[in-house]
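Visitor: Sequence below, structure please.
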Amino acid sequence: MEAYSVFKDLAIIIVFAKLFGILARKCRAPQVVGEIIAGLLIGPSVLGWVQQTDFLTEMAEIGVVLLMFSAGLETDLKELMKTGPVAFLIACAGVFVPLVGGTLLYMGFYGAAPWGSENFYKAVFVGVIMTATSVSITVESLREMGKLRGKVGTTILSAAIIDDVIGIIVLTFVVGFKSPDSNPGRVVISTALFFAMALVVGYILYRIFKGFDERYPHTRRIPIISLALCFFFAYAAEKYFGIADITGAYVAGIILCSIRDSSYIEQKMEVSSYMIFGPVFFASIGLKTSIDKVDGSILLFSLAFVAVALVAKIIGCGLMAKICRFDFKDSLKIGVGMMTRGEVALIVSQKGLSVGLLTPVYFTSVILLIIVSSIMTPIILKLLYAKDPSTE
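Guide: From the prediction side, this is the model:
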């Protein structure tokens, strides 16, 4: 293939991804859904205008690293530390129940697998995909109703942040255990060492960046050095600890999330991510999705996958909220508010594909989950709040 043909591919991807992203937003669906559908349309499964290449795969990997770095930058560390045990317990239940539910679902369709086998890790990984929460749709719905700053809204927001952190840690363990030369002790030790290193080195880097930021506020050198830190942490996580590169990028974002210019760094990162790397990543999901291999069994699995993912979040988060002394209606609101899925589920799925824990045909299930949860969550929340005239 000619080297310059990548420019044609990029042009097609960017135009179609943005066009379908706008159409999705007009239909009140997440923009990423439109970008995925664009990739599906222009890819081998439909029109065949763009083929998946090594170059696009590497571009998509940069895109996912930048997305996780931005997610870390968006984390409100002070709010995270102030939320206390309630949001933490709700987040833990919101990870545990879907993780178990997804694992049992896969084994129910494809048979029970012995501990440590390839199928066992594939089953667990389906559960890992279900753990992720995308709270952006919920936040927008609560904001429209004037309920975002209430007790329920604050709990949902805090629990969703903690949820993603726990989900990334679970992903780190699963990917580590799947490695053929790994053993449980080594995985636990390497993961613990990574987070210990991140804590110590991260604090030192935070102090350095904070001082640098105070001396040179709002200058371009800060985002440039921050980007280098993101890439180095992504590299070091994989190279020296056997941890997913996206975990390293996420930790790099958390290190910098509390400096004064964190929003400025995020703004600069968003330019490259929004313009090129983000569209390439989400479109690549569509390019890799094999709808020609979707048969009745895959479709049935996808429907069950969506049902289990939604119900597991409601049960896990809602039940824990009830245990934490929320009333039934507020517990249900919290459970429903936590059931949306988005970018993190796709990022986790992409990682599973790269390490052999997921096949492209199952992206159909993940995309369907994102679409259904994004449509159902605002509707159910409005119904739950319809008979509640009080301001929380």
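Visitor: Please state the backbone phi and psi of the nearest residue to I90 once chain neighbours are set aside?
Guide: The shortest distance from I90 to any non-neighbouring residue, by CB to CB, 6 or more residues apart in numbering, is to A159 (4.3 Å). Just so you know, the C-beta spots here come from the backbone N, C-alpha and C atoms, and that holds for glycine as well. Torsion angles at A159 (phi, psi; degrees, to the nearest 10) stand at phi -60, psi -40.
Visitor: Distance check, V46 against G278.
Guide: Per CB to CB, to the nearest Å, V46 is found 22 Å from G278.
Visitor: More neighbours: which of those two?
Guide: G278 (24 against 14; other CB atoms under 10 Å).
Visitor: Look up the closest residue to that one, ignoring the ones flanking it.
Guide: If the residues on either side of it in the chain are set aside, G278 comes closest to G63, at 5.6 Å by CB to CB, 6+ apart.
Visitor: For G101, give me its contacts.
Guide: G101 makes contacts with 127, 130, 308-309, 311-312, as judged by CB atoms under 8 Å, 6 or more residues apart in numbering.
Visitor: Do me a favour and average the pLDDT over stretch 106-118.
Guide: Mean per-residue pLDDT for stretch 106-118: 78.
Visitor: May I see the buried residues of that stretch?
Guide: Taking 16 or more other CB atoms under 10 Å as the neighbour-count basis, stretch 106-118 is seen to contain the buried residues 106-107, 113.
Visitor: got it, and stretch 309-316?
Guide: Under 16+ other CB under 10 Å, the buried positions of stretch 309-316 are 309-310, 312-316.
Visitor: chain center to the helix or strand harbouring L99, what's the gap?
Guide: Assigned by DSSP states H and E, L99 belongs to helix 84-110. Relative to its parent chain, helix 84-110 has a centroid offset of 15 Å by CA atoms, centre = their mean, to the nearest Å.
Visitor: Same check on stretch 337-351?
Guide: Stretch 337-351 has its C-alpha centroid displaced from the chain centroid by 4 Å (CA atoms, centre = their mean).
Visitor: okay, it in CSV with CA atoms only?
Guide: Taking only C-alpha atoms (Å, rounded to 0.1, in the frame of the first residue of the first chain), the coordinates of stretch 337-351 have been written out as CSV:
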residue,chain,number,x,y,z
GLY,A,337,-27.7,7.2,37.2
MET,A,338,-24.7,4.9,37.3
MET,A,339,-25.9,2.6,34.5
THR,A,340,-24.7,4.7,31.5
ARG,A,341,-21.6,3.4,29.6
GLY,A,342,-19.4,5.3,27.2
GLU,A,343,-15.8,6.0,26.4
VAL,A,344,-14.2,4.0,29.2
ALA,A,345,-16.1,0.8,28.2
LEU,A,346,-14.8,1.3,24.7
ILE,A,347,-11.2,1.9,25.9
VAL,A,348,-11.4,-1.3,28.1
SER,A,349,-12.8,-3.2,25.1
GLN,A,350,-10.0,-2.0,22.9
LYS,A,351,-7.4,-3.1,25.4
